[in-house]
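K.L.:
could you look at this predicted model? Sequence included:
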Amino acid sequence: VRDLSPADGRRIVAGLRALPGQIGEILALEPRIKELAGKYAGSPSMMFVGRVRGYPVAREGAQKLKEVSYVHAEAYPASELKHGPLALIGPEMPTVAVVPDDELLDKNLTTLGEIRARGGRVLMVGHREADPKLADDCLVVPRNEIELDPILLSIPLQLFAYHAAVALGRDVDKPRNLAKSVTVE
């Protein structure tokens, strides 16, 4: 309350009010998400990348994919790919890139170009269609306030993980080796 101006408060409240409708728009994409999950589910590993606000979303996407499908998935900050993970990129290791339409868009698109130059397949999740030279597939989600966009960018990744698990015949209601509660020692 102390650090938020009244104008920013009104902006964020308006964004919160828009969320249910925008989430509905994303849920309407479920048939496409299911199709893409089936396309990528056979990959032995997947890389998830994002920058700044997109990185925690990428981490969540990789975590969900591991938890329910048992597909190896790792998330890296897009800015750190050149420090080792880029060596893993190739046709057998697709990348899910979280690319919001923000001040880092150009840097994110450059990262996609680096992945594609190494033969990597790319599924981009963002606010706009991707150039086919930069992404094989794209999921476009509605744009909200910058503070709320991670909510909208996470939903297709959760659906992707679910549908990948189903495509692989996994029991999504009982993921193996996953503690469903927090225990205190």
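P.N.:
Nice, I can see it.
K.L.:
close enough to count as contact, residue 134 and residue 110?
P.N.:
No - contact criterion CB atoms under 8 Å: residue 134 and residue 110 do not qualify, at 9.3 Å. No exception for glycine: its C-beta is placed from N, CA and C like everyone else's.
K.L.:
okay, buried residues for whichever helix in the chain runs longest please.
P.N.:
Counting by DSSP state H, the longest helix found in the chain is helix 6-27. Judged by neighbour count (16 or more other CB atoms under 10 Å), helix 6-27 contains these buried residues: 11-12, 15, 18, 22, 26.
K.L.:
contacts made by the least confident helix or strand in the chain by mean pLDDT with the rest, please.
P.N.:
Using mean pLDDT, DSSP states H and E, helix 105-117 stands out as the lowest-scoring helix or strand of the chain, at a mean of 91. With CB atoms under 8 Å, 6 or more residues apart in numbering as the test, helix 105-117 has contacts from 49, 51, 54, 78-79, 81-82, 86, 89, 95, 97, 99, 122, 124, 126, 130-131, 133-135.
K.L.:
repeat for stretch 136-144
P.N.:
Here stretch 136-144 has contacts from 15, 18-19, 22, 25-26, 29, 32-33, 36, 39, 94, 100-101, 121-130, 149, 151-153, 155-156, using CB under 8 Å, 6+ apart.
K.L.:
can you give me the strands for the chain?
P.N.:
45-50, 72-77, 95-99, 122-126, 137-140 (DSSP state E).
K.L.:
which of the contacts of stretch 136-144 count as buried?
P.N.:
For the contacts of stretch 136-144, a neighbour count by 16+ other CB under 10 Å gives the buried set as 15, 18, 22, 26, 29, 33, 36, 39, 94, 100, 121-127, 130, 149, 151-153, 155-156.
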